[in-house]
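S.K.: Turn this into a model:
(2 chains)
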2 protein chains.
Amino acid sequence: MFLSELIPLSEASAILKKNQIIMPKETIDLTDSYLRVLSEEIKSFHDSPPFDKSAMDGYAVIAENTFGASSNLIKKIKIIDQIGAGDFSDKLINEGEAIRIATGAPIPNGANAVLMEEYTITTKNENDDEIIEIHSQVTPGENVADFAEDIKKGEKIVSKNTLIRPQEMGLIASAGLDKVEVYQKPRIKLITTGNELVEPSKKLDRAQIINSNQYVIGSMIKSCGADVNVGHAHDRIEEVKKTILNDSNNYDVIITTGGTAISKGDVVVDAVESLGEVLFHGVALRPGKPVAFGIVNSTPIFMLSGYPVGAMGQFDALVREYLFKMQNIDYSPRIEKRISSAKIYSNLGRTDFIRAYADENNVKYVLNRGSGIIRSMVEANSYIVVDENQEGIDKGEIVNVLFFDLMNWNR
Amino acid sequence: MFLSELIPLSEASAILKKNQIIMPKETIDLTDSYLRVLSEEIKSFHDSPPFDKSAMDGYAVIAENTFGASSNLIKKIKIIDQIGAGDFSDKLINEGEAIRIATGAPIPNGANAVLMEEYTITTKNENDDEIIEIHSQVTPGENVADFAEDIKKGEKIVSKNTLIRPQEMGLIASAGLDKVEVYQKPRIKLITTGNELVEPSKKLDRAQIINSNQYVIGSMIKSCGADVNVGHAHDRIEEVKKTILNDSNNYDVIITTGGTAISKGDVVVDAVESLGEVLFHGVALRPGKPVAFGIVNSTPIFMLSGYPVGAMGQFDALVREYLFKMQNIDYSPRIEKRISSAKIYSNLGRTDFIRAYADENNVKYVLNRGSGIIRSMVEANSYIVVDENQEGIDKGEIVNVLFFDLMNWNR
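M.R.: Just a heads-up that it's a prediction; the model follows:
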């Protein structure tokens, strides 16, 4: 099958949307849930705090007893008990009494405020009772975290489809849960193809090319929160068919790179067509025009270029969003605006992802010699994205910039 | 030891800088190097491409033989060989001859361009030789990736202290390396303290509080590219001392949370002081004033609040940068500008990290009821950072916003 007609990127995206698969759910330990996506709504089993709680080390008092206290008017209050963290007291505080209290401990009955330790001096009275001298007043409720002020029992605290950050983990723990239900991580098979490909080595034979896609695309898959297993196939249609058919039983998605063999069209696309269905082949995208998508055995297959930079462009334009959505994450890349330092040529109807370096104000494309040039991606920190309905950009014009570091999972 | 005098955040940062430790190096497989930091400069063992390479499926030709060809003036050229990917041909191309060539294959001797397959029709001549009919001309060098155009042998291609992204992995592989030298991942011991803390559970006894810091701070440590091991200690100075001393032999950094016990000052700070040195205790920071830093047995110790939101603020203001720098990553958070939708009160001399929700244009603080309120962090997506030399912010004023998702390792 040859690239017949290029479809616009928007049409390719619509085809992917129609064929989006969503991962099933699994229950995991909360400890392992960082950057996973909740597949359930979380309700709290507890009120939080579970009691009126001291927010300071100090003395639980009746606030009114401290009114008017200052360094000129010292008030004296008797200490009748003490409460450490994890401890409590059943004593009732009466007029003129206080209980020493640790941060986090429950406020004892009768008290309505906590006076910070710093504003008191401890001493004894004539009966050898422990006494504090108060130099400062507190208002009712001061330094007290009220019962249930953070969370009410039974209340919904985290929504389904939320990416779990540190703070969600803390809130879920406080709700009483040490396990959560999340979407399974997508298992991706990456198949690099090409007879010329060899492992990195200090010595290469004639016509050999190092297989860099296994690293480049492999880590891009990881950056989407998915697991990857890498394999290789030669440019022989029977070998490619066998590999794809086998992997379609064991993985959620297959991604291939390369596989263009002389006079035989694209062996990978041909293999997918003979095993299942090719839904598009060729997108008006630069770099990355020769990209295809198909389905074999209910398994989606993205067929990317053998050229690393082409494959990266295809991944960023098409695959990334699909892998996120498998975990129910809506991927809307944060586009930033910058001033273009140079004129950029582009064709109507084609979407360009131009390797570029952007600073706080400006952006300039990185010298671009071909789609094989990984080096241009190393020198770049962003893409200038030229939409399909834009025909080039003038020097000084405001352009849309997509920073590589804002495209990651962990953002 | 009590909080005596608060030092400004800038002074605390300077003390940390003076006591910064850097991780030793290790050699790992390139496959495992995603998001690690190179501790060596990378030079290439190869020219890349290692030969003049075809960038298209088509025919290696003498460009001049195609000049003038069009659909009105079809030229005929004889095919003398074919080269698949990973293959090569020793035949010399003479006038009127071509060799069929696959993408990625070496350009044969005599040829200087590749004519795309799409612009040709194959046929036979009267001698039954294979012939292509050419409908289009190519310029010399067209569809050829030149020898060494991407990388020259011996050339420096990636600098020391570079964060390894997918493209760096690809470039390093192309250079001939399947192993890299990187800084070791920092091993962090997180010790939560507090007698009141229990594991998440649907039933709590009186005065018990769920230990959420193990999750919150544990995952924040992971977000800095470090490994974490979590332990717990009760608020007893001998237990805390024993734990810290033991962990100081096995970890690169210790981070504690909580440990404020009634009338005994801060057991953790006291423990560190008796075992080693406390370099600061109390920073003009909100939330997060009660934060300390010390050294025991050459091991840096960050002592954070027991309150999750206080501890998060302290981590973001002080710890994050330190953990990055251990791996030689200069952490300069990307500050964005937004319009404040509300008036904000702040004191001169104190740095405020105000939990906030920002959209594309505006930012507003999230209702803030205390430093224990993890919920406010779940509702927030950013901090409004009010500098120590700023005294509050008016409604409508432009403020500095630090997005949580721009603070991560993987950005």
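
S.K.: per-residue confidence at the nearest residue to A:Ser340 once chain neighbours are set aside?
M.R.: Nearest residue to A:Ser340 in three dimensions, chain neighbours excluded: A:Val399, at 4.8 Å (Cβ to Cβ, 6 or more residues apart in numbering or on different chains). (Glycine included, C-beta is placed from N, CA and C.) A:Val399 carries a pLDDT value of 94.

S.K.: Whichever strand or helix holds A:Val399 pairs with which strands, and in what direction?
M.R.: Per DSSP states H and E: A:Val399 is located in strand A:398-403. Sheet pairing of strand A:398-403 (DSSP bridges) gives strand A:335-340 (antiparallel), strand A:382-386 (antiparallel).

S.K.: Show residues contacting it.
M.R.: A:316, A:333-340, A:344, A:353, A:356, A:358, A:363, A:381-387, A:393 (Cβ atoms under 8 Å, 6 or more residues apart in numbering or on different chains).

S.K.: Would you list the buried entries among the residues you listed?
M.R.: A:316, A:333, A:336, A:338, A:340, A:344, A:353, A:356, A:358, A:363, A:381-386, A:393 (16 or more other Cβ atoms under 10 Å in any protein chain shown).

S.K.: could I get the strands paired with strand A:398-403 as a markdown table with mean pLDDT and distance to B:Glu199?
M.R.: As requested, the strands paired with strand A:398-403 are exported to a markdown table (pLDDT from 0 to 100; distance: least, Cβ to Cβ, whole Å):
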| stretch | mean pLDDT | distance to B:Glu199 |
| --- | --- | --- |
| strand A:335-340 | 92 | 43 |
| strand A:382-386 | 92 | 44 |
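
S.K.: Of the ones you listed, give the one that comes closest to A:Glu277.
M.R.: strand A:382-386 (29.7 Å; Cβ to Cβ).

S.K.: so which strand or helix has A:Glu168?
M.R.: Using DSSP H and E, A:Glu168 falls in helix A:166-174.

S.K.: and that helix, anywhere near chain B?
M.R.: Yes. With Cβ under 8 Å from any Cβ of the partner chain as the criterion, chain B is reached by helix A:166-174 at A:Pro166, A:Gln167, A:Glu168, A:Met169, A:Gly170, A:Leu171, A:Ile172, A:Ala173, A:Ser174.

S.K.: helices or strands next to that helix in the packing?
M.R.: Judged by 3 or more Cβ pairs under 8 Å, 6 or more residues apart in numbering or on different chains; DSSP states H and E, helix A:166-174 is in contact with strand A:156-158, helix B:213-222, helix B:308-314, helix B:374-379.

S.K.: For the longest one, give the mean pLDDT please.
M.R.: I take that to be helix B:213-222. pLDDT averaged over helix B:213-222 gives 95.

S.K.: How about the secondary structure of A:Gly68?
M.R.: Here A:Gly68 is recorded as coil under DSSP: H, G, I helix; E, B strand; the rest coil.

S.K.: who are the neighbours in contact with the closest residue in space to A:Glu117 that isn't next to it in sequence?
M.R.: In space, not counting the residues next to it along the chain, A:Glu117 is nearest to A:Gly58; the distance is 4.6 Å by Cβ to Cβ, 6+ apart. Taking Cβ under 8 Å, 6+ apart as the criterion, A:Gly58 is in contact with A:Arg100, A:Ile101, A:Val114, A:Leu115, A:Met116, A:Glu117, A:Glu118, A:Tyr119, A:Thr120, A:Asn143.

S.K.: Please apply the same query to A:Tyr251.
M.R.: A:Arg187, A:Ile188, A:Lys189, A:Asn229, A:Thr299.

S.K.: how many degrees apart are the helix or strand hosting the fourth one and helix A:213-222 in direction?
M.R.: For A:Asn229, the enclosing helix or strand under DSSP H and E is strand A:227-233. Between the axes of strand A:227-233 and helix A:213-222, defined by axes from the mean of the first three to the mean of the last three Cα atoms, to 10 degrees, the angle is 160 degrees.

S.K.: Show me what strand A:227-233 is in contact with.
M.R.: A:185-193, A:197, A:211, A:214, A:218, A:221-222, A:239-240, A:243, A:247, A:251, A:259.

S.K.: Among those, which lie within helices?
M.R.: Those of the contacts of strand A:227-233 mapping onto helices are A:Gln214, A:Gly218, A:Ile221, A:Lys222, A:Glu239, A:Val240, A:Thr243, A:Asp247, per DSSP state H.

S.K.: got CSV for those, with neighbour count and distance to chain B too?
M.R.: Shown next, in CSV, are the ones in helices among the contacts of strand A:227-233 (neighbours: other Cβ atoms under 10 Å in any protein chain shown; distance: Cβ to the nearest Cβ, whole Å):
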residue, neighbour count, distance to chain B
A:Gln214, 25, 8
A:Gly218, 22, 7
A:Ile221, 25, 9
A:Lys222, 18, 6
A:Glu239, 15, 14
A:Val240, 25, 13
A:Thr243, 21, 17
A:Asp247, 24, 19
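
S.K.: can you name the two of these that are farthest apart?
M.R.: Among the ones in helices among the contacts of strand A:227-233, A:Lys222 and A:Glu239 lie farthest apart (Cβ to Cβ), at 26.3 Å.

S.K.: for the helix or strand encompassing A:Gly294, packing partners?
M.R.: Taking DSSP H and E as the criterion, A:Gly294 maps to strand A:292-296. The contact analysis (3+ Cβ pairs under 8 Å, 6+ apart) places strand A:292-296 against helix A:9-18, helix A:237-248, helix A:267-275, strand A:277-281, strand A:299-304.

S.K.: Can you tell me who A:Ile101 pairs with across the strands?
M.R.: A:Gly58, A:Ile83.

S.K.: tally of neighbours for it?
M.R.: 33 (other Cβ atoms under 10 Å in any protein chain shown).

S.K.: same question, A:Phe404
M.R.: Neighbours of A:Phe404 (other Cβ under 10 Å): 19.

S.K.: Would you mind confirming that it makes contact with A:Asn381?
M.R.: Yes. The pair A:Phe404 and A:Asn381 passes the contact test of Cβ atoms under 8 Å, sitting 5.9 Å apart.

S.K.: between the helix holding A:Glu168 and helix B:213-222, how many degrees?
M.R.: 160 degrees.

S.K.: Dump the C-alpha coordinates for helix A:166-174 into CSV.
M.R.: Extracted in CSV, the C-alpha atoms of helix A:166-174 (Å, rounded to 0.1, in the frame of the first residue of the first chain):
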residue,chain,number,x,y,z
PRO,A,166,1.1,14.0,46.4
GLN,A,167,-1.8,16.0,47.8
GLU,A,168,-4.4,13.6,46.5
MET,A,169,-2.5,10.7,48.1
GLY,A,170,-2.5,12.6,51.4
LEU,A,171,-6.2,13.4,51.2
ILE,A,172,-7.1,9.8,50.3
ALA,A,173,-5.0,8.5,53.2
SER,A,174,-6.8,10.9,55.6
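
S.K.: Could you report the distance from the residue lying farthest from the centre of chain A to chain B?
M.R.: Residue farthest from the centre of chain A, counting by Cα atoms, centre = their mean, is A:Glu126 at 63.9 Å. As judged by Cβ to the nearest Cβ, to the nearest Å, A:Glu126 and chain B stand 23 Å apart.

S.K.: Check A:Asn125 too.
M.R.: 18 Å.

S.K.: What is the neighbour count of that residue?
M.R.: 10.

S.K.: Skipping its backbone neighbours, what lies nearest it in space?
M.R.: Closest residue to A:Asn125 apart from its sequence neighbours, by Cβ to Cβ, 6+ apart: A:Ile131 at 4.9 Å.
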